[in-house]
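S.K.: missing the sequence, but the structure's below:
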C-alpha cells in the first residue's frame, strides 16, 4: 500500500471521530476540570447525554485524571469508560446528590435513598476500564443524619454490562439493581469498608444475571439476591469464579422476599474471613424459593457455611400491614464444599431450619469436608428448646444466628425439613466435643449415609 493511500485512510478515520458521528466523548472536551477538587457533574452529564443522543458512544474519563461528581444519570447505549489510572469520585457534599433516584427497598433505612449513579428505564449501557469508581463515602462525610448515598442504583433497565472496573468506598451499598434484565458483571473488584452496610452487588427482582471472575471485600453482604415486589421474580442467576470476604455474609438470598426466586447456580468460589455466614438463604416474605445448586466451594473462617431459614418477617419498606403467608422453599443441592473453621470457636455449623408445619423440602448435601475446633460441652449437647433458645420458633425476630446461640450439634443441625439426603459428610474435630456431629430434628424422610468423624465412619 502506498504511503499516500495509508495517510488518506488515517485522516478519514480521524475525521470520522471528530464529526457528529463520533463514538468517543472525552469529559475534558465538555468542560470537566478533572482536578480531583472541582465538582464536574454538569460536564460529565453533558458528555453522557451527547453520547446517548448520538445513538450511542463511549464517555471517557482519561488516565491520570480524577473527575468529581454528584448524582449523574446513565442513558441508553452509553459506555462509561474509566481508563487505567483514572478515578471517578463521588462528591463529599450530600447537597450534590439528587432526590429523584428512587429509594432503598429495606424498611427503616431512608438515609440510603440517594445515590451517586442512577438509571431508570435505560437500555444497553455499560461500565468498563481498569480505573476506579470511588464513592468517597467515608464516615467523616456521610452518616445516618446527613444521609448515605449508595454508589449505584438501576431501576427497570435492560442489558447492563460491567467489566474490569474497581469500585471502592461507597457510603452505603455499592449497588442496587431493581427489576433489571440481562446483566453481565465480569472481572470487577469491590472494596467497601469505609462505612457501614457496605453491600457489594444487590439484585432485586432481576433476571438473566451472570457474575464471574470478581472479588469482594465488604462491610456487609457481598452479593444479595432479593425480590421486593410480588410480581418481580429473581431468577436465572449464575455466579462463578469469585472470591468473597466480608464482615457479614458472603451470599445472601432472600430476606427481601415478597417475590419468587428460582434457578440459581453458584460454583467455583472461595469465601474467607466472614463473620456471619457463607451462604445465607432466607425466605420470609411470602414468595416461593426453589431450584438452586451450590457446588465446588472452599471456605476459610466462615462460621456457618450454610445458614438457611424459612420463617416470617417483614423486611420491605412497602410491606403490607398483615404478616406474609409461608409458601415454599424447596429443591436445593449443596455439593463439594470444604470449610476450614479450626481457628473459630464452637459456634460453627451447617444450620438449616424451617418452622413447625412449614418445612424446607428436597435438600441434598453431599461431599463435604468440615474442619472445626470443637469445644462443645455436655450442657450444649443437652440443650433443649426454651425461651432463650429460639430454634423452634423464628417468628418475631430478624432471622439472625445471634438469636439462637450455641447449637446442640458440632457439625450440622437440620430442623423442620422434608426429604433430606446427606451423603459423604466428613467432620474433623481438633479438640473434644460432647455434641453429636449431626442432628436431624423433625425431619420427614431424612437420610444420612457415609458420615465420618476424624476419618472414622459413624452411625447416627
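M.R.: Received the coordinates, thanks. Predicted model, so just to flag it, every value in this text is computed and none were measured.

S.K.: For the residue nearest to residue 58 when sequence neighbours are not counted, give its distance to residue 159.
M.R.: Of all residues not flanking residue 58 in the chain, residue 79 sits nearest, at 4.4 Å (CB to CB, 6 or more residues apart in numbering). Using the backbone N, CA and C atoms, a C-beta is placed for each residue, glycine as well. According to CB to CB, to the nearest Å, residue 79 and residue 159 sit 12 Å apart.

S.K.: What's the separation between the residue nearest to residue 58 and residue 161?
M.R.: Separation of residue 79 from residue 161 (CB to CB): 8 Å.

S.K.: Sheet partners, orientation included, of the longest strand belonging to the chain?
M.R.: Within the chain, and with DSSP state E defining each element, the longest strand by residue count is strand 409-429. Paired strands of strand 409-429, with direction, are strand 350-353 (parallel), strand 360-372 (parallel), strand 436-453 (parallel) (DSSP bridges).

S.K.: can you pull out the helices in the stretch 251-400 of the chain?
M.R.: Assigned by DSSP state H, counting those that start in this stretch, the helices in the stretch 251-400 of the chain fall at 378-381.

S.K.: Give me the residue ranges of it where confidence is low.
M.R.: Along the stretch 251-400 of the chain, segments meeting pLDDT under 70 span 384-397.

S.K.: all strands for it, in order.
M.R.: For the stretch 251-400 of the chain, the strands defined by DSSP state E, counting those that start in this stretch occupy 261-274, 277-283, 288-300, 304-310, 328-341, 350-353, 360-372.

S.K.: Would you mind giving those as a markdown table with distance to residue 31 and mean neighbour count added?
M.R.: Formatted as a markdown table, the strands of the stretch 251-400 of the chain follow (distance: least, CB to CB, whole Å; neighbours: other CB atoms under 10 Å):
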| stretch | distance to residue 31 | mean neighbour count |
| --- | --- | --- |
| strand 261-274 | 43 | 20 |
| strand 277-283 | 46 | 27 |
| strand 288-300 | 49 | 20 |
| strand 304-310 | 51 | 26 |
| strand 328-341 | 53 | 20 |
| strand 350-353 | 56 | 25 |
| strand 360-372 | 57 | 21 |
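
S.K.: Could you export those strands to a markdown table, including columns for distance to residue 64?
M.R.: Shown next, in a markdown table, are the strands of the stretch 251-400 of the chain (distance: least, CB to CB, whole Å):
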| stretch | distance to residue 64 |
| --- | --- |
| strand 261-274 | 34 |
| strand 277-283 | 40 |
| strand 288-300 | 38 |
| strand 304-310 | 44 |
| strand 328-341 | 43 |
| strand 350-353 | 50 |
| strand 360-372 | 47 |
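
S.K.: Residue 79 and residue 159 - which one has more neighbours?
M.R.: Taking other CB atoms under 10 Å, residue 79 and residue 159 do not tie; residue 79 has more neighbours (22 against 17).

S.K.: how much space is there between the more buried one and residue 269?
M.R.: Distance of residue 79 to residue 269, computed by CB to CB: 28 Å.

S.K.: and what of residue 149?
M.R.: The gap separating residue 149 from residue 269 is 29 Å, by CB to CB.

S.K.: Next: residue 354.
M.R.: 26 Å.

S.K.: now swap in residue 138 and tell me
M.R.: Noted for residue 138: a distance of 29 Å to residue 269, by CB to CB.

S.K.: go on, residue 81?
M.R.: Taking CB to CB, one finds residue 81 at 28 Å from residue 269.

S.K.: And for residue 325?
M.R.: 33 Å.

S.K.: With residue 459 instead?
M.R.: Distance from residue 459 to residue 269, by CB to CB: 33 Å.

S.K.: Next, the contact list for residue 406, please.
M.R.: Residues near residue 406 by CB atoms under 8 Å, 6 or more residues apart in numbering: 346-347, 376, 380, 383.

S.K.: my hunch is that it is in a strand, does that hold up?
M.R.: No - read with DSSP: H, G, I helix; E, B strand; the rest coil, residue 406 is coil and lies in no strand.

S.K.: per-residue confidence for it?
M.R.: Looking at residue 406, its pLDDT stands at 91.

S.K.: how about stretch 154-169: buried residues?
M.R.: Under the neighbour-count criterion of 16 or more other CB atoms under 10 Å, stretch 154-169 has 154-160, 162-169 buried.

S.K.: Repeat that for stretch 97-111.
M.R.: Using 16+ other CB under 10 Å as the test for burial, stretch 97-111 gives 97, 101-106, 109, 111.

S.K.: and residue 367, what is it in contact with?
M.R.: With CB under 8 Å, 6+ apart, residue 367 has these contacts: 335-337, 423-424.

S.K.: and what of residue 165?
M.R.: 82, 127-133, 188-189.

S.K.: Out of these, list just those in strands.
M.R.: Reading strands off those with DSSP E, I get 82, 127-128, 132-133, 189.

S.K.: Got a ChimeraX select line for the buried ones in those?
M.R.: In ChimeraX, this line selects whichever of the ones in strands among the contacts of residue 165 come out buried by 16+ other CB under 10 Å:
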select :82,127,128,132,133
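
S.K.: With distance to residue 231 and pLDDT as new columns, can the ones in strands among the contacts of residue 165 be given to me in a markdown table?
M.R.: Formatted as a markdown table, the ones in strands among the contacts of residue 165 follow (distance: CB to CB, whole Å; pLDDT from 0 to 100):
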| residue | distance to residue 231 | pLDDT |
| --- | --- | --- |
| 82 | 35 | 98 |
| 127 | 28 | 98 |
| 128 | 32 | 98 |
| 132 | 37 | 98 |
| 133 | 32 | 99 |
| 189 | 34 | 98 |
